[in-house]
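Colleague: Provided below are the primary sequence and the corresponding predicted coordinates.
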Amino acid sequence: MRSTTRSSSNVGGGPASSSSGNTPRIGRRRGTTTTNTRRRTRTRSGSYGLSSQAIFVAVAVFLFIFSAGIILGARMVLNASSTPGNTPADIDRNADGRIGVDEAAVEIAHLVKDSARAEAALIKERADTLKQKAGKLRQRLRGSGATGDGNVGDGDGNAGEHNGNPTPGDPFYNPHHAIDDYTGGADEGGGNNNGGAAGGRLNDVAEVLDDPSLPAFPYLGPVVESSHNFQSWVPPGGKRFEEYKDGKSPYRITDDLRRQSDDVARSRRLHIKNAMKHAWKGYTQYAFGQDEVHPQSANGHNNWGGMGTTLVDSLDTLWLMDLKEEFWAGRDWVRDNLDHDHVGMVSVFETTIRSLGGLLAAYDWSGDDAFLAKADDLGKRLFKAFDSPSGLPWGQVNLGKACCGRNAQWAGGNAILSEVGTLQVEFRYLARATGKKEYAEKSDHAFAIMNDLMPKDGLMPLYVRNKVPNPSFSNNKISLGAMGDSIYEYMLKMWLQGGKKEAWLREMYDKSMQGVHDKLLQKSNPSGLTYFADLNGGRMDYKMDHLVCFMGGLLALGAVTDPLGFHSDRAQRDMKTAKAVTYTCYQMYARMETGISPEYVNFRGDDFEIANNAPYYILRPETVESFFILHQITGDPVSCFDLPLHDCMTLSSITTWYRSFNRGLPFSIMQIYREWGWEVFQSIERYCRTNIAYGSLKNVRNTNQQPEDRMESFFLAETIKYLYLLQDPDTEVDVLKRHVFNTEAHPLRNFDEFKGVA
């Protein structure tokens, strides 16, 4: 999940400290096709490998066939109009002879032929122009630097609207919020800009991807033996793979290399599945049916109200890993023991994304009605949150009484931006599955209210007044991290879930992403790493939460589904930013002694530094989430037939077709994400594994520490799942065609795939 904070959880959703009494942590959000048939992708902007003569011939052949079809069609229509049975008037009009039919056909042929010549000439001219641009672009890419003036910012911040620090067990704690969002202000000042806004630089760069002159991908690791010893793993350090820093795709990936990569991935997949089996065994042995297991002290606790949160959150992970025996044991507990009557105040956001999302995904994949029945029971209780004066949901409700909505006091009694806008994917699916349309109507209405409140730049402050009939924003902090993140995610995902029919949702997303590029996108010094800063009272705060690392996957998903087409300037900008910021997130892992990222970093010094109050890791998933989405998008190309006709009929598309059918398309697949993901998994296995399960780290720079006595449910729901899917070439999950992930990584079929009863 993204938006709130992760680390310690509790029933009501405010911040918390670790179970060991250390620094408080705060945390975050967030069907079935065969996989033997692979889709071909179009290359991105820059397939210049074909000669203009070949293009001319291909277009001429296409237009000849097209003209022949028109001629035959004309003959059939005109002949049909003169057959017996037509009206006398029709017969009279053709009484002078049938020769008019042939004359008309010949005239059409001449027109089509002339049009073909003109079209071919235009395409040849465009090909020449694109070749010239490609040459200039290569020169620019070789000579461009990542410099920028930037302004100095002190990062003081003015977010001191919190009333105290909620701790684990406090009903206001929410592990999806970052720690500084509770303590008020930024960490010791945000440092300097280190590079200035980078949006303009990334906006106009369209790289040449499908270039046979590119070197072969050099980083493919070996097949991993089943007896591999992870305790010997030593993280290799950062400042590697710098050719990926600016979002470029510097290597060619052939079909043979992709097959080799799939074989390596399958050998890794086994170990990730074993990690899930290890954690699940510890949970079932020491905490089955409880909310969480303590991975050091070997006992369970009910910090989410006693709803079996880890069990419910993990069900679809078990299914996707083909751990069906464990899955059905979990189903039996849900059917026979899950009861919401005894649960008091809960965080609406956390309970929706974890528990409701988990039940819905288990139902979607298995079809077992026991899950839908429990989801409906939980949904109707949570749904009382929408009964506020403004129509924007309360932050907490009492499940047992199905009433008594309120907001968290630590947020000054305000609603939280991300929590208001991260319930809709779940309630819309529930409406479709049950036929109860009110679930969708009320949740959609809340999102429409936020659309009306959205500023011109598309960037929304983190606090919202929802206690009055006319809601409004109540502070001026902007962030893609804690408390802001997942509302931007759901703008796009609701649009995808609904079959790309609700244009207003896509417009919200595109407006916000323009604001992100205009105002939040930055470059670090000296390496020029791409990152997203916060805006606090109009001043830049040059920090980035681990939570923000979901943006790589989101921007990539938005780019390949852009209504303007993937080769549009906007989509190319978003894809380049997606890859560049994901590289930065990888560096947040690779530069640490444990190979694991801290909660957030300040961009100053040598690119970035760990914030003094946030050196910990609570098993977060956002970076590996982006690895998975980017790999699936770039590694499983989109067919031209999925795109608008005008976008298909481009030089790049013709080149793609030609190469894919004639000599094997050398996709510039971003194969590197599997290698980065494997590094992350090895570090987790080396430093976070206990005899029971997996635990968080107090300091990611300390290689001699024991894991803490805490494992969030999202580690099994998200982190392990994304790591597994990244290395699973046979998965049925399809983020482009069939599935939408909620912010807790629960994949649900979109409405075109799942009709439900609505």
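Modeller: Cool, got the structure.
Colleague: show me where the stretch 451-600 of the chain has strands.
Modeller: 463-465, 472-473, 477-478, 521-523, 530-532, 534-536, 539-541, 543-545, 600-602 (DSSP state E, counting those that start in this stretch).
Colleague: buried sites along stretch 353-372?
Modeller: Judged by neighbour count using 16 or more other C-beta atoms under 10 Å, the buried positions of stretch 353-372 are 353-366, 370-372. From N, CA and C alone the C-beta is placed, and that goes for glycine too.
Colleague: If you could redo that for stretch 695-713, that was the one I meant.
Modeller: Across stretch 695-713, burial judged by 16+ other C-beta under 10 Å covers 695-700, 707-713.
Colleague: deepest of the strands of the stretch 451-600 of the chain, which one?
Modeller: Burial of these is given as mean neighbour count (mean count of other C-beta atoms under 10 Å); strand 543-545 ranks first at a mean of 31.
Colleague: Could you name the helices and strands sitting against that strand?
Modeller: With contacts taken as 3 or more C-beta pairs under 8 Å, 6 or more residues apart in numbering; DSSP states H and E, strand 543-545 sits against strand 600-602.
Colleague: Tell me which helix or strand comes right after the strand it packs on.
Modeller: strand 609-610 (DSSP states H and E).
Colleague: Adjacent strands (with direction) for that next one?
Modeller: strand 600-602 (antiparallel) (DSSP bridges).
Colleague: The strands of the stretch 451-600 of the chain: which one's closest to A216?
Modeller: Ranking the strands of the stretch 451-600 of the chain by distance to A216, with C-beta to C-beta as the measure, places strand 530-532 first at 26.0 Å.
Colleague: Tell me the helices and strands packed up against that closest one.
Modeller: Applying 3+ C-beta pairs under 8 Å, 6+ apart, we find strand 530-532 packed against strand 521-523, helix 569-590.
Colleague: could you dump those to JSON lines with distance to L270?
Modeller: Formatted as JSON lines, the helices and strands packed on strand 530-532 follow (distance: least, C-beta to C-beta, whole Å):
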{"stretch": "strand 521-523", "distance to L270": "39"}
{"stretch": "helix 569-590", "distance to L270": "23"}
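Colleague: Out of these, flag the one nearest L378.
Modeller: Closest among these, once you apply C-beta to C-beta, is helix 569-590, at 33.0 Å.
Colleague: Going by neighbour count, list what's buried in that closest one.
Modeller: By 16+ other C-beta under 10 Å, the buried positions in helix 569-590 come out as 570-590.
Colleague: what about the closest residue to K493 other than its chain neighbours, how many neighbours?
Modeller: Distance criterion C-beta to C-beta, 6 or more residues apart in numbering; nearest residue to K493, sequence neighbours excluded, is V740 at 5.0 Å. If you count neighbours by other C-beta atoms under 10 Å, V740 ends up with 24.
Colleague: so what's V740 up against?
Modeller: Taking C-beta atoms under 8 Å, 6 or more residues apart in numbering, we find V740 in contact with 425, 493, 496-497, 747-750.
Colleague: Which of the residues you listed fall in helices?
Modeller: Using DSSP state H, the subset of these located in helices is 425, 493, 496-497.
Colleague: Quick check: helices, which of the buried residues of stretch 353-372 are part of them?
Modeller: 357-366, 370-372.
Colleague: Put together CSV for those residues, with pLDDT and distance to A717 on each row.
Modeller: Output for these, formatted as CSV (pLDDT from 0 to 100; distance: C-beta to C-beta, whole Å):
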residue, pLDDT, distance to A717
G357, 98, 8
G358, 98, 7
L359, 98, 12
L360, 98, 13
A361, 98, 9
A362, 98, 11
Y363, 98, 15
D364, 98, 15
W365, 98, 14
S366, 98, 16
A370, 98, 19
F371, 98, 15
L372, 98, 19
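Colleague: Quick check: next helix or strand after the helix or strand hosting I684?
Modeller: Using DSSP H and E, I684 sits in helix 672-687. Next along the chain after helix 672-687, taking DSSP H and E as the criterion, comes helix 714.
Colleague: For K543, list each beta-bridge partner.
Modeller: Beta-bridge partners of K543, as defined by DSSP bridges: N602.
Colleague: going forward can the numbers begin at 252, since that is how I track them
Modeller: Happy to do that; since the first residue is 252 now, the last one works out to K794.
Colleague: S669 versus that one, what's the distance?
Modeller: Per C-beta to C-beta, to the nearest Å, K794 is found 18 Å from S669.
Colleague: where does this protein dip in pLDDT?
Modeller: Residues of the chain meeting the criterion pLDDT under 70: 252-462, 886-921, 1008-1009.
Colleague: switch the cut-off to 80
Modeller: 252-463, 500, 504, 653, 886-921, 1006-1009 (pLDDT under 80).
Colleague: Now do the same contact list for the closest residue to A516 other than its chain neighbours.
Modeller: In space, A516 comes closest to Q978 once its chain neighbours are excluded; the distance is 4.1 Å by C-beta to C-beta, 6+ apart. Q978 is in contact with 516-517, 519-520, 523, 925, 928-929, counting by C-beta under 8 Å, 6+ apart.
Colleague: residues in contact with the closest residue to D620 other than its chain neighbours?
Modeller: What sits nearest to D620 in space, not counting adjacent residues and going by C-beta to C-beta, 6+ apart, is Y614, at 7.5 Å. With contact taken as C-beta under 8 Å, 6+ apart, Y614 is in contact with 620, 622-623, 626, 684.
Colleague: Closest one of these to Y760?
Modeller: Distances from Y760 to the contacts of Y614, taken as C-beta to C-beta, are shortest for A684 (24.9 Å).
Colleague: what's around that closest one, how many residues?
Modeller: So A684, with other C-beta under 10 Å, has 24 neighbours.
Colleague: How about Q922?
Modeller: 22.
Colleague: OK, contacts around it?
Modeller: Q922 is in contact with 468, 470-471, 502, 504, 508-509, 512, 882, 886, counting by C-beta under 8 Å, 6+ apart.
Colleague: and those residues, which are buried?
Modeller: Buried subset of these (neighbour count, 16+ other C-beta under 10 Å): 468, 471, 502, 504, 508-509, 512, 882, 886.
Colleague: Nearest to D695, out of these: which one, please.
Modeller: H882 (31.9 Å).
Colleague: so the nearest residue to W645 once chain neighbours are set aside is in which element?
Modeller: Nearest non-adjacent residue to W645, counting by C-beta to C-beta, 6+ apart: G656, 3.2 Å away. Using DSSP H and E, G656 falls within strand 654-657.
Colleague: returning to that earlier point: would you reformat the strands of the stretch 702-851 of the chain as JSON lines and include distance to E969?
Modeller: Below are the strands of the stretch 702-851 of the chain laid out as JSON lines (distance: least, C-beta to C-beta, whole Å):
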{"stretch": "strand 714-716", "distance to E969": "26"}
{"stretch": "strand 723-724", "distance to E969": "29"}
{"stretch": "strand 728-729", "distance to E969": "25"}
{"stretch": "strand 772-774", "distance to E969": "26"}
{"stretch": "strand 781-783", "distance to E969": "20"}
{"stretch": "strand 785-787", "distance to E969": "23"}
{"stretch": "strand 790-792", "distance to E969": "26"}
{"stretch": "strand 794-796", "distance to E969": "16"}
{"stretch": "strand 851-853", "distance to E969": "18"}
